[in-house]
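Trainee: need a 3D model of the following:
(chains A, B, C and D)
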There are 4 protein chains.
Amino acid sequence: MIEYRTAGESHGRGFVVILSGIPAGLKLKASDIDFYLSRRQTGYGRGARMKKIERDSVKIISGVRWGETIGSPLGFFIKNKDWENWGSIMSEAAEARDENFMMTKPRPGHADLAGAIKYFRDDLRDVLERASARETVARVAAGAVCVRLLETLSVKIHSFTKEIAGIRARAIKLDYDDVVRRTANSAVRCLDEETGEKMKRAIDEAAASGDTVGGVFTVVVWGLPPGFGSYESWSSRLDGRIARALMAIPSVKGVEFGRGFAASRLPGSKVHDRIFYDKEKGFFRKSNNAGGIEGGVSNGMPIIVRAAMKPISSLKKPMETIDLKTKKPVGGQIVRSDVCAVPSAGVIGEAVVAVEIASALTEKIGGDSMADLMANYRNYLERIKDYWKGK
Amino acid sequence: MIEYRTAGESHGRGFVVILSGIPAGLKLKASDIDFYLSRRQTGYGRGARMKKIERDSVKIISGVRWGETIGSPLGFFIKNKDWENWGSIMSEAAEARDENFMMTKPRPGHADLAGAIKYFRDDLRDVLERASARETVARVAAGAVCVRLLETLSVKIHSFTKEIAGIRARAIKLDYDDVVRRTANSAVRCLDEETGEKMKRAIDEAAASGDTVGGVFTVVVWGLPPGFGSYESWSSRLDGRIARALMAIPSVKGVEFGRGFAASRLPGSKVHDRIFYDKEKGFFRKSNNAGGIEGGVSNGMPIIVRAAMKPISSLKKPMETIDLKTKKPVGGQIVRSDVCAVPSAGVIGEAVVAVEIASALTEKIGGDSMADLMANYRNYLERIKDYWKGK
Amino acid sequence: MIEYRTAGESHGRGFVVILSGIPAGLKLKASDIDFYLSRRQTGYGRGARMKKIERDSVKIISGVRWGETIGSPLGFFIKNKDWENWGSIMSEAAEARDENFMMTKPRPGHADLAGAIKYFRDDLRDVLERASARETVARVAAGAVCVRLLETLSVKIHSFTKEIAGIRARAIKLDYDDVVRRTANSAVRCLDEETGEKMKRAIDEAAASGDTVGGVFTVVVWGLPPGFGSYESWSSRLDGRIARALMAIPSVKGVEFGRGFAASRLPGSKVHDRIFYDKEKGFFRKSNNAGGIEGGVSNGMPIIVRAAMKPISSLKKPMETIDLKTKKPVGGQIVRSDVCAVPSAGVIGEAVVAVEIASALTEKIGGDSMADLMANYRNYLERIKDYWKGK
Amino acid sequence: MIEYRTAGESHGRGFVVILSGIPAGLKLKASDIDFYLSRRQTGYGRGARMKKIERDSVKIISGVRWGETIGSPLGFFIKNKDWENWGSIMSEAAEARDENFMMTKPRPGHADLAGAIKYFRDDLRDVLERASARETVARVAAGAVCVRLLETLSVKIHSFTKEIAGIRARAIKLDYDDVVRRTANSAVRCLDEETGEKMKRAIDEAAASGDTVGGVFTVVVWGLPPGFGSYESWSSRLDGRIARALMAIPSVKGVEFGRGFAASRLPGSKVHDRIFYDKEKGFFRKSNNAGGIEGGVSNGMPIIVRAAMKPISSLKKPMETIDLKTKKPVGGQIVRSDVCAVPSAGVIGEAVVAVEIASALTEKIGGDSMADLMANYRNYLERIKDYWKGK
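Mentor: Here you go, the predicted model:
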């Protein structure tokens, strides 16, 4: 089972990640991870802080030696580049406590108020430092390793921006190489250029009015064979596991597979993906309304899942709130000034989906080393070759 | 931590449930559970089998004595009423094997094909018996106990049908007693009678054309204080946990909290719920676009979550598929003939959400006995009373 | 991952077991399990109740069809044969409450007092019904399936009585067939007949004086290849997992691997098992002081683990205690009258060790079906054949 | 639930620890942890490397601010002081690979051989770096926090050396302050000075002959109320959980509670701890043969658990083994040269037991903040005060 834990705060020293369950013998370089960290940081609509300060890079603490994993847990450290500037505010020392630095204005849309109540904190910083979306840098580091693992089995994963501020991209055929190329060429990671331009204008307008916008991103997994995840128990369903991982990304408020909510409005005869057979292709479908999962199990079609992200909760023109100390109405504290994080969230989505897929894969296939894993995987592909040929 | 496991097959002897983590001293009767089981079985659009054969009732095997829980795991058995009629088809004995009874036509929309590949089965019955939505009877039994537990703390939960076949109910104020009353009076569990009638007509039309319809149900939790669930790690977020539980209900393809997907289309200033204060009410909101969860933590507002259900996958006019043995195109096997399961799915939704809430509650509050739990809970309410008064 | 849960009380309706993670396609009959249940019930030193009333047999509720597992969770029910006689005492109904039947004399050595305090119960029966060693019948049912699974890979497991009342059996070479034969021929499951007779006399003497005796049993696993369990994290070590499972058997107070405590008294040069090589055998050892586990990983030698069992806590001449209600000194309640349970505990030990081994095995080898599991297992044996040949 | 994960290798950059579940508001300083790290490093019988190079200290990465925990996971980094000297040998870069540095002589008693087979490594360093007992520095860091947490509830924990090389300390009354004082004054952490001197001589003799010695340490927990852990399921038993944690310490081969193995040799009437009552003391015992746990639940007496440690596996005069490449007999590689690690292991034992106790405590008592935890704990003590007064 592949699992990861993270620790770290937004303006603390940095983030640590412990990722366990990766087989020994996977080729891995820090730059493989850094590539994903940089993808997470791009995207039209990010504020100045994001662009200037936080060029993230991972330091591999453990688990990799001479270019490959060795079976130990992978330990990562990702430094917060501007930690030094936060000095006493984020100090662990009791002496550093300074009431002048305390934040007492809970921001609507954030964990601030609920977190302060839960953990009995009088300084909201104790809450927002961990609840911050900055923590996703650690998830992406873990996910990048899982992406590498999946790649060795020709399972590929990528995301794109489906909607921003209600502006929806046209549906096109989802070919992996094409999706990679198109998103790389778009500042909003949109597949169609024209809509991408509209999305940028919507972001510009929101920025001009001190507001923020949200949107929808899609994550696609290509090349996953049928049989991953299980209907055996509610908790082993692949759709449930992926839904949890995506919903746990800050600001995500909705998740849907395949046709999703739209499928609930169509008759059954228009929704379920008919089954066909062909000697070249094995069993196949001409549609993928299920989004690649039936009964909680991958069915061999691409997995297609979308997540809806609410607009960023920190607005330049702060929303009304109540000061915790004075109990008087005030404007919420301004912490950062991004306008739109959807393009970045798609990359985070890839990462967390990759973890779930890789975890389901190692559970099913087994193998403590890549050599064993590959041999077992080939066994499985051979065994099911009448049904699925990966095409 | 509250956890449950289920075992059982759709046409086997029945289902067993093991539910652990329920404090000792909770008053519980089998009829409390049976009430939920019967609610799961009602709803316009269910076929004849559902209505005639399966009047479910639970047998409490363990964990309850002299009217209350005693700290042991709760063990339940729910008999399949028509098991006797299935005789050798579902027999555990090797001698019962009979190729004439084997099912080889995988149904689109079901786990049939993916499951057969995964578990290397040549009889699809080995798959569909467990993947069947019948298994949710066991989830509802576990959930009914959690509902009882939450009730003792005045945390209430109920669901209603929001949409069927694209026909959407009007939004009304969500008051618990009112929701209970309205759903009880509606064969489709819809809050507004007029729309309810339209939904029924849509079901009738689908039935007439041998088709099926899906829809959307809403689950609401009233009275949960702020502070349940955590942003501490991705896996402890309450929204992620609930999303997983709902997405794991058969046929659910989408989940959203509060404004959900719609929130992604609005500017931030229209989405985040402003914070107000009043001596009588403490901190409060006038809107609940977040659906009661911010940063993965309950914020004291009702939790509102919706799930989209695709149309039932077993159609009276079966969809094209391929026979596993002959590899020739055929119509899929017909197994049952419900037309719409959305009203029932709402009850299942209540159950699985109740488990997640009760689990988060016992983790936070502790207490091996109801007396301890109540005392700790009162402690907490007292500690946070400046912020939240449950109104 | 193989996991199981149990529910049930000693004098309730019976026990339910849910066992998940068993691959599809394992041949299984109820009689395979019943065989283990009957082995658990034998043994010199059991009281009349054990012999007459409780001839246990399992009812397979789910997970097995036409003679083999199908990938669903296995659900078992084991009836308590004399439940009917317990009527209102164990009733779930509130009306059945009758203070005359309440037990208020906590027995030293049992969970009675601590459990009543923990769960806030005034009737000790609410505690002892679940804390009873009777619950191990459910563990043995789960373990029996794992034994079957391991057998198909030629991994074998058996136990024997090493000591009773301080009378220790001579050490002999531990050959599987020989151990099976010798234990089957001994009422105390001792490998050497002479010591076996002495053990029986010790039991007789204890019985005559109204006392009880304990002892030590050994569990051996033959044929497990190197590489199961891991030093990767503290919680994945095979020795830790097995220790937990054995220590969790009621009355077990000590666990040791290989030379165990005695190894702590020897110099290192006399303890560590030198490594040799031979073309026929691969890498091998001439000694097995480590008990088959080095660094938390199986090393290819038989796993040898011993557990120490304190004497049964229910004595015919009850030990002094305090009545919960009166707070006056009394004799503890007498519940049953076994004198020695060590032979039976060995069988329970086999079962719980089998679960841990099977779980480590499926985690490492993967495979949702027996065919896949076997193929992967053969891959592994082939890959390591220069090191280990199973001899 | 309190949980921790570690990553790191013996000669890598260092170790990271992620500890989750610690309530907010616990006062904590890095020096609290460093104190435990230094206790782990002391003890007669450690080699030169231990004394000179590795003066460990923790860097708190996250989870503590202004002198107290804030509810986030605690992240620690413990640097390996001599990492710089290991340069390319431990480098993550593929280019650093150098066959000259490869270790191919598996050491008896270590994970070397089994680990290399499992993870398919040709360089034993890939195994021993993680399997090394050095990793326990990370466990001690996590444990030190749990010790602090327990202290705030007046639950205290300490260990001492019971045996070295078969030389056993006399039994004395186990008073916390006395145990702390005596162990602090003994280079072998033995409670009685005379035996301590004999132990040192045994270590000296082993050192002189190039050999190593093992022993037994005892961990005691004072002040834990009854009711922690549960007989509810096999996996929730406190004794099982502690046994697992102790058995998972490298070189531990046996664990026993209370009288342990010796109890298995006595009649029941001499083993079970009679129950007495006194207005001042509540229910109490005059003996503690159970070691503070009955039926898997703490019973209010001190928890007493012993662990047997085999002699250190790296001997100065290396034991015979086989070179992986040449398949020829050789002497095992010498990696370090400690003679006895029992005193240090006791400190590790305290740490891992503290984690289990703290985890059981937070599960039972609940509370996300220390204020809530303390209030709930007082509730519980008040509720059980007729039974247990902590004396």
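Trainee: do the lengthiest helix in chain A and chain D meet?
Mentor: Of all segments of type helix in chain A, defined using DSSP state H, the longest is helix A:342-365. No: Helix A:342-365 lies out of reach of chain D by CB under 8 Å from any CB of the partner chain, never closer than 13.8 Å. Placement of C-beta: from N, CA and C, glycine included.
Trainee: run through the residues of the stretch 51-200 of chain A sitting next to chain D.
Mentor: So far as CB under 8 Å from any CB goes, the stretch 51-200 of chain A lies against chain D at A:59-68, A:70-75, A:77, A:90-97, A:115, A:118-121, A:123, A:125-127, A:129-130.
Trainee: return the helix or strand in chain A with minimum mean pLDDT.
Mentor: In chain A, no helix or strand scores lower on mean pLDDT, DSSP states H and E than helix A:48-52, which sits at a mean of 57.
Trainee: ok, then the element right after that one?
Mentor: strand A:58-62 (DSSP states H and E).
Trainee: pLDDT of that next one, averaged?
Mentor: Strand A:58-62 carries an average pLDDT of 98.
Trainee: check which helices and strands that strand sits against.
Mentor: Applying 3 or more CB pairs under 8 Å, 6 or more residues apart in numbering or on different chains; DSSP states H and E, we find strand A:58-62 packed against helix A:30-41, strand A:74-79, strand D:3-8, strand D:14-20.
Trainee: what are the buried residues along that strand?
Mentor: Within strand A:58-62, the residues scored as buried using 16 or more other CB atoms under 10 Å in any protein chain shown are A:58, A:60, A:61, A:62.
Trainee: next structured bit after the longest helix of chain A?
Mentor: helix A:370-383.
Trainee: now that following helix: how far from the chain's centre is it?
Mentor: Its chain's C-alpha centre lies 28 Å from the corresponding centre of helix A:370-383 when counted by CA atoms, centre = their mean, to the nearest Å.
Trainee: stretch A:382-391 close to chain C?
Mentor: Yes: Stretch A:382-391 is in contact with chain C by CB under 8 Å from any CB, via residue A:383.
Trainee: tell me which residues are up against that stretch.
Mentor: Around stretch A:382-391, the neighbours that count as contacts under CB atoms under 8 Å, 6 or more residues apart in numbering or on different chains are A:154, A:223, A:225-227, A:280-284, A:300, A:381, B:113, B:117, B:120, C:371-372, C:375.
Trainee: do the longest helix of chain A and chain C meet?
Mentor: Yes: contact between helix A:342-365 and chain C, assessed by CB under 8 Å from any CB, occurs at A:362, A:363, A:364, A:365.
Trainee: hmm, back to that, looking at the buried residues of strand A:58-62, which is nearest residue C:38?
Mentor: residue A:62 (50.1 Å; CB to CB).
Trainee: report the contact partners of the closest one.
Mentor: Per CB under 8 Å, 6+ apart, neighbours of residue A:62: A:72, A:73, A:74, A:75, D:7, D:8, D:9, D:12, D:13, D:15, D:16, D:130.
Trainee: for residue A:272, state which of these is nearest.
Mentor: Distances from residue A:272 to these, taken by CB to CB, are shortest for residue A:74, at 40.9 Å.
Trainee: what about chain A, any weak spots by pLDDT?
Mentor: Chain A contains residues with pLDDT under 70 at A:47-54, A:332-336, A:391.
Trainee: circling back to that earlier point, pick out whichever of the buried residues of strand A:58-62 sits closest to residue A:106.
Mentor: When the buried residues of strand A:58-62 are compared against residue A:106 (criterion: CB to CB), the nearest one is residue A:58, at 32.7 Å.
Trainee: so what does the residue in chain A that chain C sits nearest to have for phi and psi?
Mentor: Of all residues in chain A, the one sitting closest to chain C is residue A:366 (2.4 Å; CB to the nearest CB). Note on residue A:366: its backbone torsions stand at phi 70, psi -180 [degrees, to the nearest 10].
Trainee: that one contacts residue C:364, correct?
Mentor: Yes: between residue A:366 and residue C:364 a contact is recorded at 5.7 Å, counting by CB atoms under 8 Å.
Trainee: can you name the residues that contact residue A:284?
Mentor: A:275, A:276, A:277, A:278, A:300, A:391.
Trainee: now do the helix or strand the third one falls within: which elements does it pack against?
Mentor: When elements are assigned from DSSP H and E, residue A:277 belongs to strand A:276-278. Using 3+ CB pairs under 8 Å, 6+ apart, the elements in contact with strand A:276-278 are strand A:282-284, strand B:320-322.
Trainee: re earlier: among the contacts of stretch A:382-391, which ones are buried?
Mentor: Looks like the contacts of stretch A:382-391 have A:223, A:225-227, A:282-284, A:300, B:113, B:117, B:120, C:371-372, C:375 buried, using 16+ other CB under 10 Å.
Trainee: how about those in CSV, adding distance to residue A:82?
Mentor: Below are the buried ones among the contacts of stretch A:382-391 laid out as CSV (distance: CB to CB, whole Å):
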residue, distance to residue A:82
A:223, 40
A:225, 45
A:226, 47
A:227, 46
A:282, 54
A:283, 54
A:284, 52
A:300, 46
B:113, 53
B:117, 51
B:120, 55
C:371, 56
C:372, 51
C:375, 53
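Trainee: show me which pair in the residues you listed is furthest apart.
Mentor: Within those, A:284 and C:375 form the most distant pair, 25.3 Å apart (CB to CB).
Trainee: circling back to that earlier point, any idea which of the helices and strands packed on strand A:276-278 gets closest to residue C:198?
Mentor: Among these, strand A:282-284 comes nearest to residue C:198, with 67.0 Å by CB to CB.
Trainee: list of residues touching whichever helix or strand comes after that closest one?
Mentor: Sequence-wise, the next helix or strand beyond strand A:282-284 is strand A:293-294, with elements assigned using DSSP H and E. When contacts are defined by CB under 8 Å, 6+ apart, strand A:293-294 is touched by residues A:229, A:238-239, A:257-258, A:299, A:303, B:109-114.
Trainee: of those, which is the most crowded?
Mentor: Among the contacts of strand A:293-294, the one with the most neighbours (other CB atoms under 10 Å in any protein chain shown) is residue B:114, at 34 neighbours.
Trainee: for whichever strand or helix holds that one, packing partners?
Mentor: Taking DSSP H and E as the definition, residue B:114 sits inside helix B:112-119. The contact analysis (3+ CB pairs under 8 Å, 6+ apart) places helix B:112-119 against strand A:293-294, strand A:297-298, helix B:125-131.
Trainee: next, the angle helix C:370-383 makes with that helix.
Mentor: Using axes from the mean of the first three to the mean of the last three CA atoms, to 10 degrees, the direction of helix B:112-119 lies 30 degrees away from that of helix C:370-383.
Trainee: who touches helix B:112-119?
Mentor: For helix B:112-119, contacts defined as CB under 8 Å, 6+ apart pick out A:226-228, A:230-231, A:275, A:283, A:294-295, A:297-300, A:364, A:384, A:387-388, B:106, B:121-122, B:124, B:126-128, B:131, B:324, C:24-25, C:70-71, C:368-369.
Trainee: rerun that using 7 Å as the cut-off
Mentor: For helix B:112-119, the external contacting residues (CB atoms under 7 Å, 6 or more residues apart in numbering or on different chains) are A:226-227, A:231, A:275, A:283, A:294-295, A:297-299, A:384, A:387-388, B:106, B:124, B:126-128, B:131, B:324, C:24, C:70-71, C:368-369.
Trainee: counting by contacts, list what the host helix or strand of residue A:182 packs against.
Mentor: In the assignment (DSSP H and E), residue A:182 maps to helix A:176-184. Applying 3 or more CB pairs under 7 Å, 6 or more residues apart in numbering or on different chains; DSSP states H and E, one finds that helix A:176-184 contacts strand A:156-164.
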